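S.K.: Below are the sequence and a predicted model for it; my questions follow.
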Amino acid sequence: MEIGITLFLAKLIGIFCLVMGASMLKRDAMMEIFRELSRQRALSYVMGVLMLILGLLLTLTHTKWGNPPSAVITLLGWGVLLEAVVFLFSSKETVAKYVNTLENKTVYYLIALGYFLIGAYLSYNGFVV
């Protein structure tokens, strides 16, 4: 059963990360979305609520460290949960500072590359291995 959940989450999160990484290649469009997120406190709060649900789902169903894919999924779950708390309790100005770091192209594309690498790793382990 544990392996089934890990494989399912590896496939789900892997595909999600690949799609997110690909969507980030449209930097101008994505940056406008991120800027809007920093301008609208209600929007960042709703995003925080959705991330909280996702983070709780991941951490409550999958806190396993047995093999590298399991550890990656577990770390991602805790990371999403932490980021959700930040979005829920941060001021509009703090969210704006976070979004402003994405104005740096190097930071932005490193995050996109991170999505691709995590997506490729989890997809490979979910579908091939």
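M.R.: That came through fine. Numbering: from 1, shown residues only.

S.K.: what about Ala112, which helix or strand?
M.R.: Per DSSP states H and E: Ala112 is located in helix 105-123.

S.K.: Report the distance from that helix to the chain centre.
M.R.: 10 Å (Cα atoms, centre = their mean, to the nearest Å).

S.K.: Which strands or helices does that helix pack on?
M.R.: If you count contacts as 3 or more Cβ pairs under 8 Å, 6 or more residues apart in numbering; DSSP states H and E, helix 105-123 packs onto helix 2-23, helix 27-39, helix 68-89. For the C-beta atoms, the positions are set from N, CA and C on the backbone; glycine is no exception.

S.K.: Quick one: mean pLDDT for that helix?
M.R.: Averaged across helix 105-123, the pLDDT comes to 97.

S.K.: on that earlier part again, for Lys97, which of the helices and strands packed on helix 105-123 is the nearest?
M.R.: Taking Cβ to Cβ, helix 27-39 is the member of these nearest to Lys97, at 8.5 Å.

S.K.: Quick check: next helix or strand after that closest one?
M.R.: Next along from helix 27-39, by DSSP H and E: helix 41-61.

S.K.: What's the mean pLDDT across that next one?
M.R.: pLDDT averaged over helix 41-61 gives 94.

S.K.: Only alpha carbons, please: show it as PDB.
M.R.: The C-alpha coordinates for helix 41-61 follow below in PDB (Å, rounded to 0.1, in the frame of the first residue of the first chain):
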ATOM      1  CA  ARG A  41      -4.200  40.200  -0.500                       C
ATOM      2  CA  ALA A  42      -7.400  38.200  -0.900                       C
ATOM      3  CA  LEU A  43      -5.900  36.300  -3.800                       C
ATOM      4  CA  SER A  44      -2.700  35.400  -1.900                       C
ATOM      5  CA  TYR A  45      -4.800  34.300   1.100                       C
ATOM      6  CA  VAL A  46      -6.900  32.000  -1.100                       C
ATOM      7  CA  MET A  47      -3.700  30.600  -2.600                       C
ATOM      8  CA  GLY A  48      -2.500  30.000   1.000                       C
ATOM      9  CA  VAL A  49      -5.700  28.200   1.900                       C
ATOM     10  CA  LEU A  50      -5.400  25.900  -1.200                       C
ATOM     11  CA  MET A  51      -1.700  25.300  -0.500                       C
ATOM     12  CA  LEU A  52      -2.600  24.500   3.100                       C
ATOM     13  CA  ILE A  53      -5.000  21.900   2.000                       C
ATOM     14  CA  LEU A  54      -2.500  20.400  -0.400                       C
ATOM     15  CA  GLY A  55       0.300  20.500   2.100                       C
ATOM     16  CA  LEU A  56      -1.900  18.800   4.800                       C
ATOM     17  CA  LEU A  57      -3.000  16.100   2.300                       C
ATOM     18  CA  LEU A  58       0.600  15.400   1.500                       C
ATOM     19  CA  THR A  59       2.000  15.400   5.000                       C
ATOM     20  CA  LEU A  60      -0.900  13.500   6.500                       C
ATOM     21  CA  THR A  61      -0.800  10.700   3.900                       C
END
